Structure formats: C-alpha cells, structure tokens
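>>> Sequence isn't available, so here's the structure alone:
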C-alpha cells in the first residue's frame, strides 16, 4: 500500500494534497497545548492575592488630599472628566474603523447605524451592572445601590466584560435577523465589528490611568516615612525611588500610592505611611490589546493569502500585479487599480472574493438534478464555491480571535489585580476560571470557523468570507 494514499475508517487521506492542511492543524494543536500550559503554570506561580482598598489610599478610597499625583495628573480638570472622555473617544475610534470594515466588505452602513443605536446602550448597561455588583464588598454594591441602580452607566463603576457580553448578546439577536434579510452571515458582521472593540479598550485604559486605577500588585517601596504631607505638593520627588525608570516620569510616579497599613504583598514589605509603587497593568493591557488589534485586523485575514496559490500565478496573463502599488494601496486604501496596474487586494477580489465560477455553478446545478438532498448540504455548497482551491480566512475567525486575544491578555493581568478590582469581585478563582473559559472558547471558535463551520453551516446566495453563488 502506498503510504501517501490510504484509507482509514472510510476517510481518504492524501498527504501530498493535504500537506498544508495537516501542517496548519498541527500548528493549531500546538498553540492549544502551549496556551493551556501557560495558563496552568502562571496560575500556580504568579497569582497574587491582595485587596487594594484595605492596604492603600486610592482615588476611590481616599480624600483628594491623600491622593498621590505627579505632574498635574488628575481624574478631572474642572468640569471635564478624563475617564468618560477616554471611553467616548475609544468608542468613536472603534466605530470609525468599523465603518471602514463595512466599506471594505461591501456591507450597508445603515445596518451598522441600527447596531450602534441598539447595542451600545445595552453594552453600557451590562458594563455598569457587572462594574457595580459587589464593588464595595461581597453583597454590597457600589454606593449601596439596589438592583436597578446597577444599570446606571452614567455613574462610576464599569466592567468591560459586562459591556462586551451585553453588547454581544444584543448583536447576535439583531444581526441574525438583519443577516437573513440581507443574505449575509452573522459572522461577517461580527468580523467587521467585534475586533475593533480592542481599540476602544486600549484607549479607555488611559482613562483608568487618570483615575489612578487598574494597577497591579506592588513592585517596591519608593519612600519611607510617616511625617510628611501626603498632598502632591508635599512629596519630595527627588528622594523618591522609581522602579520604572524606563517609563516617562508622569506615568511611573502616578503608579504610587500611600500605604494605609503595614504588610507584605507580592514579596514587598511596607509600613503605614510608606509610598509604594504598583505595576502599570493598565499600560500593559492597553499596548497588548493594540498589538492584538493589529494582528487580528492586518495579519489574520491575510495570512491565508500569503500561503495560498496566487491568482496572478494561477491565471497568468489575466492580471497585472504590482507589489509597489499593493504597498501604496495598503497605506492609501482609496487608491484604485487599473487594467494596467493592479494590487494584490483588488486581484483577490476579482479572482476570488467577489467572483463566481460560472462553470462550477453549472456543474453544481447539474449535480442537484442528480441528488438534490446531497448537494444542498453545506459541505457541497462550500466545495462548489472554492475557486481554484484558493485558501482564505473564513468568516468568524477574526471575531473569535478577539475573544481569545482579549481574555488571553486579561488572564495574565488578572493574576496580579487586587480582589476588589477583578472581573468577579472578591472571587479570583471564579474570575480567572471565567476568563480562561472565554479565552478557550475564542481559540476553539477560531479553529471551528476555519475548518468545521464552513462544512456545517453554509447557504447558497449568502455572503461569508466570499460571495457564494445563488441558484435561484
């Protein structure tokens, strides 16, 4: 028997033909194992249990005279509060780039407008609910509010997980019905919208910085003493040690808080009145999420094109590919290809994403006459629309990549967050477990979207990663 072509349990394997597929599956499996190992090792070795409000004066537990600030960094300047400004700016930037994704995918902007009007208010209420629930202590909500007060998003206390999952639930319901009308997969809308939440989160974390919050466990004592004025004008910064000298001073020195009691956290021993520097997990999260957005937006959709057969090589003489023009168009997406010079993006659209193989369509229609039950199955529909065996990133991968990347980053930062600033307040094991589950759902969803969903859920005439032909 030829080892390159044999049968196991009636499933045919051709290693030469499917080499790329098996390599990719092996890489996915390796990533899955690495992630599980990382989660397990860091949970066991890097978890820090502490409560910020019980140990340090913060912007939410102290009067203004007790707050440590440097360089005029405050949570508000007159009537202007930085946190809501940062959140609003983050939402605006996310919406603007979503508009670009809708344009790129050829989607109707009216549908996005409806989504914004419905999903954002629900998202804000979800963020408020989880941010205020048990915020002061187990069983005591922020400000002592009752059930309905938990939804007051205009008041302080927001949790991003509540906002994301609240908006997601509303979006699933909305775009399921919108997609049936427009014949567009709900996953296409999700790919265009969800990853851009990372931009809002990355910008919004700077609002937390101005609020002097979202800090990690202590990294060191920067000043010893109990007899100095704790107001910002009373700190002699020349005698304050900075453990983050590589950061700008206006960031590093605003990571410092006053110790209200004596103790040891994360191996750092301090006495009451000491100035203690916390780790800048707001900064780590902001930069990590921005990097994740770049990867999801510009690498994941294109990585399959890089390893696939190229249309200008498959159909030689039909296209006039120009690498220099492709690079130019990447920076200036409004540039248009001509018959004489064409970018990779436009050629892919012409050859695959917006192209119908009429010959394959006619063969498919003939197959329906022979066995309609078989050939109306998603697997056959997907096969009939696979032009020239081009490899593409399937609908849904970008959306699930968001949930994986966001929760992957959040898991490692949650390990050093205080119990009173967790996703699930005062219950770190549950908080870490839910974040871990969310990350794994994202990773499994990426794999499923690329390999399983296309052969299980596809319809003729719908838009997925490409336009599927209609037989009506």
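Arrived safely, thanks for sending. Note that the structure is predicted; figures quoted are calculated from it, not measured. Numbering: from 1, shown residues only.

>>> Secondary structure element holding the residue nearest the centre of the chain?
The centre of the chain sits closest to residue 402, judged by CA atoms, centre = their mean, with a distance of 3.2 Å. According to DSSP states H and E, residue 402 maps onto helix 397-414.

>>> Whichever helix or strand comes after that helix packs against which elements?
Using DSSP H and E, the helix or strand that follows helix 397-414 towards the C-terminus is helix 428-447. Secondary-structure packing of helix 428-447 (3 or more CB pairs under 8 Å, 6 or more residues apart in numbering; DSSP states H and E): helix 19-45, helix 397-414. C-beta here means a position set from N, CA and C on the backbone, and glycine is covered the same way.

>>> Return the most buried member of the ones you listed.
Ranked by average neighbour count under the criterion mean count of other CB atoms under 10 Å, those are headed by helix 397-414 at a mean of 23.

>>> how distant is that one from the center of its chain?
5 Å (CA atoms, centre = their mean, to the nearest Å).

>>> Averaged pLDDT, it. What do you get?
In this model, helix 397-414 has a mean pLDDT of 96.

>>> And stretch 131-143, by the same measure?
Mean predicted lDDT for stretch 131-143 stands at 74.

>>> what sits up against it?
144-145, 149-150, 152, 155-159, 162, 420, 425-426 (CB atoms under 8 Å, 6 or more residues apart in numbering).

>>> repeat that for 6 Å
150, 157-159, 425-426 (CB atoms under 6 Å, 6 or more residues apart in numbering).

>>> Mind naming the longest strand for the chain?
Looking across the chain with DSSP state E, the single longest strand is strand 218-223.

>>> Off-centre distance for the helix or strand that comes right after that one?
Next in sequence after strand 218-223, counting helices and strands by DSSP H and E, comes helix 249-252. Chain-centre distance of helix 249-252: 27 Å, with CA atoms, centre = their mean.

>>> re earlier: separation between the residue nearest to the centre of the chain and residue 91?
16 Å (CB to CB, to the nearest Å).

>>> Equivalent analysis for residue 379, please.
40 Å.

>>> Ends of stretch 331-350, what's the gap?
Taking CA to CA, to the nearest Å, stretch 331-350 runs 20 Å from one end to the other.

>>> Buried residues, it. List them.
337, 342-350 (16 or more other CB atoms under 10 Å).

>>> so can I have TSV of these showing distance to residue 55, pLDDT and secondary structure?
Formatted as TSV, those follow (distance: CB to CB, whole Å; pLDDT from 0 to 100; DSSP: H, G, I helix; E, B strand; the rest coil):
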residue	distance to residue 55	pLDDT	secondary structure
337	61	90	coil
342	62	91	strand
343	57	92	coil
344	55	90	helix
345	53	89	helix
346	58	91	helix
347	60	91	helix
348	56	90	helix
349	57	88	helix
350	62	87	helix
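
>>> Of those, just say which sits nearest to residue 451.
When the buried residues of stretch 331-350 are compared for distance to residue 451 (CB to CB), residue 348 wins out at 20.9 Å.

>>> hmm, back to that, mind putting the helices and strands packed on helix 428-447 in a markdown table, distance to residue 289 included?
Shown next, in a markdown table, are the helices and strands packed on helix 428-447 (distance: least, CB to CB, whole Å):
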| stretch | distance to residue 289 |
| --- | --- |
| helix 19-45 | 17 |
| helix 397-414 | 6 |
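
>>> more neighbours, residue 379 and residue 91?
residue 91 (20 against 13; other CB atoms under 10 Å).

>>> wouldn't the more buried one be in contact with residue 200 here?
Yes - look at residue 91 against residue 200 with CB atoms under 6 Å: they come within range, at 5.3 Å.

>>> where does the stretch 151-300 of the chain have low pLDDT?
Within the stretch 151-300 of the chain, the stretches with pLDDT under 70 are 154-156, 225-234.
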